[in-house]
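>>> kindly return the folded structure for what I paste below:
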Amino acid sequence: MSACAVAACPNYHRKTKGKGVIYHMFPVCPNRNKIWISKCKRQDHINAKYARICSDHFKPSDCMDDMKNRLLGLNQKKIFKPDAVPNVA
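Purely as a prediction, here's the structure:
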């Protein structure tokens, strides 16, 4: 089950199922990964390999157009811009 890694965020998969909340994996790039971890503002360790951050912590402007899937008529994925970081709210 996915739960949001951001401190004090109450979201987890079972609670938000069917409400349009998406759980995003941490970036592979070590520098961006460290930034995402710091934005979570947690006191305990975060295992970024398995942790997720819910879509509530991102702005629509953080995503790029999924042109490939749009042109093929498929479901569009949220593709983050290279500089996208979670905004803790």
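>>> which residues of the chain fall in strands?
23-25, 52-54, 63-64, 79-80 (DSSP state E).
>>> which neighbours does the last one have in its sheet, and in what orientation?
According to DSSP bridges, the neighbouring strands of strand 79-80, each with its direction, are strand 63-64 (antiparallel).
>>> quick one: distance of the partner strand to the chain centre.
12 Å (Cα atoms, centre = their mean, to the nearest Å).
>>> tell me, how many residues neighbour residue 41?
Using other Cβ atoms under 10 Å, residue 41 has 11 other residues around it. Just so you know, the C-beta spots here come from the backbone N, C-alpha and C atoms, and that holds for glycine as well.
>>> go on, the one 5 residues further on?
Other residues within reach of residue 46, judged by other Cβ under 10 Å, total 18.
>>> also residue 72?
Neighbour count of residue 72, defined by other Cβ under 10 Å: 10.
>>> per-residue pLDDT of it, please?
As summarised for this prediction, residue 72 has a pLDDT of 84.
>>> can you show me the helices along the protein?
With DSSP state H, the ranges of helices along the chain come out as 13-16, 30-39, 67-72.
>>> which elements pack onto the shortest one?
This points to helix 13-16. Of the remaining helices and strands, none touches helix 13-16 by 3 or more Cβ pairs under 8 Å, 6 or more residues apart in numbering; DSSP states H and E.
>>> who touches it?
1, 2, 3, 23, 54 (Cβ atoms under 8 Å, 6 or more residues apart in numbering).
>>> nothing else from me, thank you.
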